[in-house]
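Student: Everything below, folded, please.
(2 chains)
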Amino acid sequence: MILDRVFRAIYPLIGLALILAAWQAYTQFFAVNRIILPSPMDVLVASNDNFGLLLRHLWPTLLECVLGFMLAMAIGVPVAVAVANSQILNLTLYPVLIAMQSVPKVAVAPIILVWFGLGIESKLAIAFLVAFFPVVVDTATGLRATPKGLLELAQSLRASPLQVFWKVQFPSALPFVFAGAKVAVTLTVIGAVIGEFVGSNEGLGNLLLTANSQLNSPLAWAALVWLSLLGMGLFGAVALAERIAMPWAKNGGH
Amino acid sequence: MMSKDALSATPTEAAGSNTVFARFDRVGKIFKLPGDRQIDALEDVSFTLGRGKLVGLLGPSGCGKTTFLRIVAGLETATYGTVTIEGKLVNGPHPNFAFVFQQANLMNWRTVLKNVLFPLEIRGEVTRASIERARDLLNLVGLHGFEDRYPSELSGGMQQRVALCRALVYDAKLLLMDEPFGALDELKRMEMHDLLLDIRLRTGVSVMFVTHSISEAIYLSDTVAVFSKRPATIARFIDIDFPYPRENAMRYEMKFTEYEHEAGRALGIAR
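Tutor: Residues are numbered from 1 along each chain as shown, chains lettered A, B, ... in the order given. Alright, predicted model coming up:
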């Protein structure tokens, strides 16, 4: 059992190390210009030298992601409840939701910037927009997938609609809610970066763009790595919350 | 087919108790299908259930006996006919009933104890005493020490025993069971039979259960109601004249075999 866990942790690291080694060897062997492709070592050095700068730019991006995610959950879950429980709301809202989802978020970003300005609000709006859809779809699917037997049990006990929701439907949908949340939280990073690209004064996306325009590729790559780590960290946080909220599911949702 | 009075005269009086618990009067169900088609699922089911009696509804699979049970439980409405419990007409789930489903139907996010307490939570009756009662029930069915486990950690038989505890935790007067042991293997099923009879003896609960096992119906019941094929109606009532508590040796007695024959004839599968 323990050995199995160790292997589970080690194999991905071995895979990563192999890729990094090949990359390092390639850049050194062919003497690749570091503006075109910096070596992993260059990126590490740039990350280390600019640690304070990167940290300062991480903070606003993290905030945009977390708040955008919370906004998506706070609005998405109730919308899913409405859509799952009312045929009329389902018919009214679902096509609108799908239409909304079909609009390319990158294309909407400049308009949102006009509405909300260069500050955090516009990033929040875009992060929310990309994260909202998976939350609604997965939660609604989960609520509809409540086992019929459990609903009949509640019915035979004359449970009120509110009791049915809180004691049967919602807990039974939790695995779906978390599946949606995990997708959503990684999407917020994309949303935040789109927002920062279109117009901003700070954030890792902003730093990446600036470093790129200055041909400081190692720093741009360092920002990219930090963004990926941010995404993984957020995913891990939601996965951890899932484990805590659903102790009965031994292997989480994946 | 058989008049309702015929039964009320037999099991209740034979057992020396005259109180009628439930009366079913010409209960029927017609399912409407699209395109003017319809299925007559249930036709004119009439009988009375004595207080504390155990009646087995025996019939071929899909014959409509489950529909009847679900009508009694208030999970479905009858197209015609009436169900009267303790003199009152029933339309909808009844607070004094408990339904046991074919599958254990447990909530995988609740521990065993929390699953048993679920009906009390819905009724707002969780007290120190009721938690004690839930623990006692779990002890009774041999699940002591499993209170804080999750259903996914239990075997099918253990899960069904939890479901039984959940049905008994709020002092239901009528236990309705839809092929409750159908998903268990033969040995587990025999264990559950004795457990059910033991619980009935201790609590005095009235029981109606659906089965397609002839021997199960005979082993458990005061009276076996044999259903015909669709549209289901009661083809025959068989009073089982074995004393309680029943023992497994009974299954090998001549009289048991004769009852099996009688039920088989009523089902149209034996001569």
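Student: and residue A:247, how far is that from residue A:85?
Tutor: Applying Cβ to Cβ, to the nearest Å, the value for residue A:247 to residue A:85 is 27 Å. For glycine as for every other residue, the C-beta is placed from the backbone atoms N, C-alpha and C.
Student: Contact residues of the stretch 101-250 of chain B facing chain A?
Tutor: In this structure, the stretch 101-250 of chain B approaches chain A at residues B:101, B:103, B:105, B:107-110, B:118-119, B:121-123, B:150, B:152, judged by Cβ under 8 Å from any Cβ of the partner chain.
Student: Present the residues you listed as TSV; the columns should include neighbour count and pLDDT.
Tutor: Shown next, in TSV, are those (neighbours: other Cβ atoms under 10 Å in any protein chain shown; pLDDT from 0 to 100):
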residue	neighbour count	pLDDT
B:101	19	90
B:103	17	88
B:105	21	92
B:107	20	95
B:108	16	94
B:109	22	95
B:110	19	95
B:118	24	96
B:119	25	94
B:121	16	94
B:122	20	93
B:123	15	92
B:150	20	94
B:152	12	92
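Student: Residue A:226 touches residue A:47, doesn't it?
Tutor: Yes - here residue A:226 reaches residue A:47: they are 7.3 Å apart, a contact under Cβ atoms under 8 Å.
Student: okay, and the common contacts of those two?
Tutor: Residues touching both residue A:226 and residue A:47 (Cβ atoms under 8 Å, 6 or more residues apart in numbering or on different chains): residue A:54.
Student: Where does the prediction get shaky in the stretch 1-150 of chain B?
Tutor: Residue ranges of the stretch 1-150 of chain B with pLDDT under 70: B:1-18.
Student: ranges for the helices of the stretch 101-250 of chain A?
Tutor: A:105-116, A:120-144, A:148-156, A:161-163, A:170-198, A:204-213, A:217-245 (DSSP state H, counting those that start in this stretch).
Student: The stretch 51-200 of chain B too?
Tutor: Assigned by DSSP H, counting those that start in this stretch, the helices in the stretch 51-200 of chain B fall at B:65-73, B:112-123, B:128-140, B:156-168, B:186-203.
Student: Which one of these lies nearest to residue A:124?
Tutor: helix B:112-123 (38.6 Å; Cβ to Cβ).
Student: what's next to the closest one, contact-wise?
Tutor: A:153-154, A:157-159, A:163, A:167, B:95, B:98, B:106-107, B:110, B:126, B:130-131, B:134-135, B:137-138, B:143, B:146-151, B:154, B:162, B:165-167, B:169-170.
Student: May I have it as CSV, with CA atoms only?
Tutor: What follows is helix B:112-123, C-alpha atoms only, in CSV (Å, rounded to 0.1, in the frame of the first residue of the first chain):
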residue,chain,number,x,y,z
VAL,B,112,-25.0,3.5,8.8
LEU,B,113,-26.4,5.1,12.0
LYS,B,114,-27.2,8.3,10.1
ASN,B,115,-29.0,6.3,7.4
VAL,B,116,-31.1,4.6,10.1
LEU,B,117,-31.9,8.0,11.7
PHE,B,118,-32.9,9.6,8.3
PRO,B,119,-36.7,9.1,8.8
LEU,B,120,-36.5,10.7,12.3
GLU,B,121,-34.5,13.6,10.9
ILE,B,122,-37.3,14.2,8.3
ARG,B,123,-39.8,14.1,11.1
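Student: For the helix or strand harbouring residue B:210, name the packing helices and strands.
Tutor: Using DSSP states H and E, residue B:210 falls within strand B:206-211. Applying 3 or more Cβ pairs under 8 Å, 6 or more residues apart in numbering or on different chains; DSSP states H and E, we find strand B:206-211 packed against strand B:38-50, strand B:54-58, helix B:65-73, strand B:174-178.
Student: want to throw those into TSV with mean neighbour count?
Tutor: Formatted as TSV, these follow (neighbours: other Cβ atoms under 10 Å in any protein chain shown):
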stretch	mean neighbour count
strand B:38-50	21
strand B:54-58	26
helix B:65-73	24
strand B:174-178	23
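Student: Let's have the ones you listed in CSV, adding distance to residue A:136.
Tutor: Listed next are the helices and strands packed on strand B:206-211 as CSV, based on distance: least, Cβ to Cβ, whole Å:
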stretch, distance to residue A:136
strand B:38-50, 38
strand B:54-58, 45
helix B:65-73, 34
strand B:174-178, 36
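Student: Quick check: residues of chain A near chain B?
Tutor: With Cβ under 8 Å from any Cβ as the criterion, chain A meets chain B at residues A:147, A:149-150, A:152-159, A:163, A:167-168, A:171-172, A:174, A:246, A:248, A:250.
Student: Which of the residues you listed are buried? Put it as a PyMOL command.
Tutor: Buried members of the residues of chain A next to chain B, defined by 16 or more other Cβ atoms under 10 Å in any protein chain shown, are picked up in PyMOL with:
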select buried, chain A and resi 150+152+153+154+155+156+157+158+159+163+167+168+171+172+174+246+248
